[in-house]
Structures are given as C-alpha cells and as structure tokens.
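K.L.:
any chance you can model this:
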Amino acid sequence: MPYKFNWTDLTLEQFFREYWNRKPCLIRSALPDDFDGITPEELAGLALEEQVESRIVIQSGEQDYTLKNGPFHEDDFAALPQRDWTLLVQGVDRLVPSVQKLLTAFDFIPYWRLDDIMISYAVTGGNVGPHFDHYHVFLYQVAGTRRWTLTNQHCTLDNYLENVPLRLMREFPIMLDWIVEPGDVLYIPPLWGHHGVALDDDCMTASIGYRSLRAREIAEALADWLAENPAGNTLFADPDYTGTPPGEIPERVHAPILSALAPALSSPGLDEAWAQLVTLPDQAAAELLPEPLDPPLSLEMLPEKLQSSPVWLRDSVTRMALTPQGTLFINGMAWETAASAAFKRILANSILYEELEAVLTNPQDAQALLHAINQQWIVPDEP
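P.N.:
I've put the predicted structure just below:
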C-alpha cells in the first residue's frame with residue numbers, strides 16, 4: 001500500500017522554504033510507528049548475501065571504532081558484544097518491495113534524485129560516529145529510540161579523525177539535540193554533521209538518501225550528450241583577433257566558446273543530458289537491472305494479467321525521468337514510443353501503479369504498457 005506523509009503543523013511549502021538544503025527538520029509522527037516492511041532478523045539475513053553491501057560498526061572507546069564489511073556469516077553475529085554495535089545494509093529498497101513502497105511517502109522529491117534506502121539496526125549504544133554527508137537524507141525511525149546530535153560547524157574535509165576506519169568528525173560542537181521515536185522523520189541537508197546513538201536494543205532506522213550532483217558530473221553528462229548528438233560537431237568560430245598579443249586569450253573568445261556549447265546548454269540538449277544523467281544506473285544498480293520477460297506477454301494476454309495483478313510496482317532499480325519536451329528516459333536511454341503524454345506521465349510519476357486497465361483504451365498506450373511489462377520496468381506487486 002502507498003504511504004502518506006503526515007506533515008502535522010508543517011506545510012510542504014514551509015519545508016522547502018525554511019529547511020530544504022538549509023537546516024535540519026524533525027517531523028514528529030510523520031510515518032507509521034509500526035512499519036512491518038522488514039525485521040532485524042530479515043535485515044541480518046540480507047547481510048549474509050554476497051551481492052548485498054553491508055557493514056557492522058562496533059564502538060569500543062570514545063574514538064575507537066571497528067568497521068567490518070559483509071557478506072557476513074551467522075557466527076559473526078553470534079560473536080558481537082552485547083552493546084555498542086550497528087548493522088547497516090545498503091539498497092534495501094532494491095531488495096524488499098515493502099521497503100521500496102516507502103518512497104510513495106516522499107513523492108514531493110523527484111524519484112530520479114534517489115540514491116537508495118539504507119536500513120540500520122543497532123543495540124543500545126550502537127552508532128557510526130559523528131560525520132557529515134554531501135547528500136540530502138530523511139531518517140525514518142522505524143523502531144526503538146535514538147538520540148541525534150547535529151551541527152553545521154567544522155563540516156570540512158580537514159576535520160576528520162586520523163587512524164579511524166570511518167570518516168568521523170574530530171570537532172563536533174552540538175547545536176541541535178533530539179530524541180526520536182518510532183514514526184518520527186528527521187531531515188538532514190548536505191554538510192550538516194550528525195551523530196545518532198541507539199537508546200535501546202530495538203533501534204531500527206531507514207535512511208532515504210537523495211544524491212547531490214557535483215558540477216563535474218553535470219559537465220561530463222553534457223559532454224556525453226554532445227558526443228552522441230550531431231550538435232556536438234558545431235565548430236568553434238574564432239573571434240576577430242585584431243590587436244590581441246599572440247600569446248594571450250582575449251575576452252572576445254568567450255562568446256564563440258558559449259556559442260559552440262549552446263546546443264548542450266539550451267533545451268532540449270540540457271534537458272536530455274540531465275535526464276540521461278539522473279536515470280543512468282550506477283554500477284551496483286546496473287548489475288540488478290531486470291532481464292526482459294521470457295517468454296514475453298502478448299497483447300491478448302494483457303487484460304487478464306492486469307485483472308489477476310491489479311497493483312504493480314516500478315522495478316526497484318529502474319529510474320525514469322520525463323523531459324519538458326515529453327521524452328521519457330529510462331535507465332539512461334530515451335524511450336522511443338508512440339504512447340500518449342498522459343501515459344508517459346503516469347509511468348514517470350509513480351512507484352506504485354493501480355487501475356492500469358484504463359490504459360488499454362488507447363492502442364498506443366496499451367502497446368507501450370505491454371513493452372514496459374515485458375522489459376520488466378514494472379512488475380506485479382506480490383503480497
């Protein structure tokens with residue numbers, strides 16, 4: 001089922017105006033306090049698997065941390081101390097459909113901004129140390145209680161402890177101090193240091209992370225677009241060099257440089273380059289992309305399939321983005337389809353799909369839906 005985010009006394013407009021990319025925000029009772037998407041035992045089971053990225057962090061002194069990387073064995077868990085350890089599993093949304101459905105509560109952030117959902121389980125005292133990130137994160141307290149301390153001071157690359165296997169902040173002057181309970185959601189923007197310590201043996205937190213792209217990544221995406229598009233053959237048109245010493249670059253060169261780059265810096269070039277960048281799967285996701293159905297469904301089989309499976313989910317690693325010009329990018333590629341603009345909006349703007357039978361009234365949309373199912377971009381929601 002889809003989740004609804006409870007903003008209580010805070011409006012969405014206030015959140016973006018006052019907090020997004022600016023300062024932390026704690027929303028009490030924002031989500032269910034009895035989330036049953038995954039248990040600590042199931043999380044530990046994922047950490048035993050070879051293809052799953054997992055870590056265990058153990059604190060044995062004020063600045064003494066041990067980092068262990070998975071996959072783990074059952075004996076590893078049996079050997080853990082009674083307190084002060086944390087298990088972290090990355091990409092749980094890619095592995096557990098009920099966790100992926102959490103994204104429906106955060107549909108005010110573009111789905112293509114998502115990095116992944118990491119889930120941690122900690123016993124009393126468990127923590128990963130004070131640190132800061134370069135991305136946006138919503139921390140949903142699934143179970144148990146945790147104390148969060150935060151700061152925006154000294155969040156720089158030179159403020160790290162040496163000889164520690166984690167990138168932990170050396171100086172951490174506390175500016176905010178909150179205790180969170182099940183159902184609470186804490187938003188932390190980039191470059192805010194945070195330190196979360198479990199206050200009981202039932203502490204489970206879902207970290208919904210949204211990446212922040214660096215300028216060089218955007219520039220690389222523009223270069224890739226120019227390399228694949230005829231507009232990339234635009235020639236640099238030299239300016240008038242009258243009066244310019246032969247070893248100096250005149251300011252007059254700026255305009256022709258920008259003119260050569262203009263196809264990539266204006267629509268649709270910029271839109272397509274951006275859509276390609278934000279939907280391109282990373283290496284870990286690329287290994288999990290779905291294979292086409294074999295044998296594929298036929299158009300005649302589609303109505304019965306939709307009746308037997310009324311609810312569908314976006315494939316957990318598939319990314320989609322719709323450009324202002326109406327081109328739908330899926331996993332880094334533009335999808336050439338005759339589907340209607342309305343159908344492409346439905347596909348791009350949802351994680352959970354219902355009442356898809358209505359699509360069958362339009363032959364082009366029906367064909368596009370069949371293709372999406374056969375490519376396994378969307379899959380039946382299994383109870």
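
K.L.:
which parts of the chain are helices?
P.N.:
12-14, 40-46, 74-78, 97-100, 215-228, 254-265, 269-279, 283-286, 302-308, 341-348, 363-374 (DSSP state H).

K.L.:
buried residues, the longest one. List them.
P.N.:
Judged by neighbour count using 16 or more other Cβ atoms under 10 Å, the buried positions of helix 215-228 are Ala221, Leu222, Asp224, Trp225, Leu226. Heads up, the C-betas are built off the backbone N, CA and C, glycines and all.

K.L.:
for the fourth one, what are its contacts?
P.N.:
Contact analysis of Trp225 by Cβ atoms under 8 Å, 6 or more residues apart in numbering lists Gly232, Ala264, Gly269, Glu272, Ala273, Gln276.

K.L.:
give me that answer again for 7 Å
P.N.:
Shown in contact with Trp225 (Cβ atoms under 7 Å, 6 or more residues apart in numbering): Ala264, Gly269, Glu272, Ala273, Gln276.

K.L.:
can I get the residues you listed in TSV including distance to Gly70 and pLDDT?
P.N.:
Listed next are the contacts of Trp225 as TSV, based on distance: Cβ to Cβ, whole Å; pLDDT from 0 to 100:
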residue	distance to Gly70	pLDDT
Ala264	41	80
Gly269	42	85
Glu272	38	91
Ala273	36	90
Gln276	32	93
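
K.L.:
which one among the residues you listed gets closest to Pro165?
P.N.:
Ranked by distance to Pro165 (Cβ to Cβ), the contacts of Trp225 are led by Gln276 at 35.7 Å.

K.L.:
from what I can see that closest one touches Gly332, true?
P.N.:
Yes: Gln276 is within contact range of Gly332, at 5.4 Å (criterion: Cβ atoms under 7 Å).

K.L.:
these two: which is more packed in?
P.N.:
Legend: neighbour count by other Cβ atoms under 10 Å for Gln276 and Gly332, higher for Gln276 (21 against 16).

K.L.:
next, the buried residues of stretch 148-166.
P.N.:
In stretch 148-166, the ones that count as buried by 16+ other Cβ under 10 Å are Trp148, Thr149, Leu150, Thr151, Asn152, Cys155, Asn159.

K.L.:
next, the last one: phi, psi?
P.N.:
This means Asn159. Backbone torsions of Asn159, given as degrees, to the nearest 10, read phi -110, psi 60.

K.L.:
ok, now which ones touch it?
P.N.:
So Asn159 contacts Met169, Arg170, Glu171 (Cβ under 7 Å, 6+ apart).

K.L.:
most neighbours out of those, which is it?
P.N.:
Neighbour-wise, those (other Cβ under 10 Å) top out at Met169, 21 neighbours.

K.L.:
now do the same contact list for that one.
P.N.:
With Cβ under 7 Å, 6+ apart, Met169 has these contacts: Pro130, His131, Phe132, His154, Asn159, Tyr160, Gly193.

K.L.:
what's the closest of the residues you listed to Met175?
P.N.:
Gly193 (8.9 Å).

K.L.:
the closest one reaches Pro130, doesn't it?
P.N.:
Yes: assessed by Cβ under 7 Å, Gly193 is found in contact with Pro130 at 5.7 Å.

K.L.:
list the residues that contact both of those two?
P.N.:
In contact with both Gly193 and Pro130: Met169, Phe172, using Cβ under 7 Å, 6+ apart.

K.L.:
neighbour count winner among these two?
P.N.:
A direct count of neighbours by other Cβ under 10 Å for Gly193 and Pro130 places Gly193 higher, at 24 against 21.

K.L.:
got a pLDDT number for the residue lying closest to His154 once chain neighbours are set aside?
P.N.:
Spatial nearest neighbour of His154, excluding adjacent residues (Cβ to Cβ, 6 or more residues apart in numbering): Glu171 at 4.5 Å. What the model reports as pLDDT for Glu171 is 96.

K.L.:
mind checking how far Glu171 is from Gly61?
P.N.:
Glu171 sits 18 Å away from Gly61, going by Cβ to Cβ, to the nearest Å.

K.L.:
can you check Arg211 too?
P.N.:
Counting by Cβ to Cβ - Arg211 and Gly61 are separated by 33 Å.

K.L.:
compare neighbour counts for those two and give me the winner.
P.N.:
Arg211 (18 against 7).

K.L.:
need the per-residue pLDDT for that one.
P.N.:
Looking at Arg211, its pLDDT is 88.
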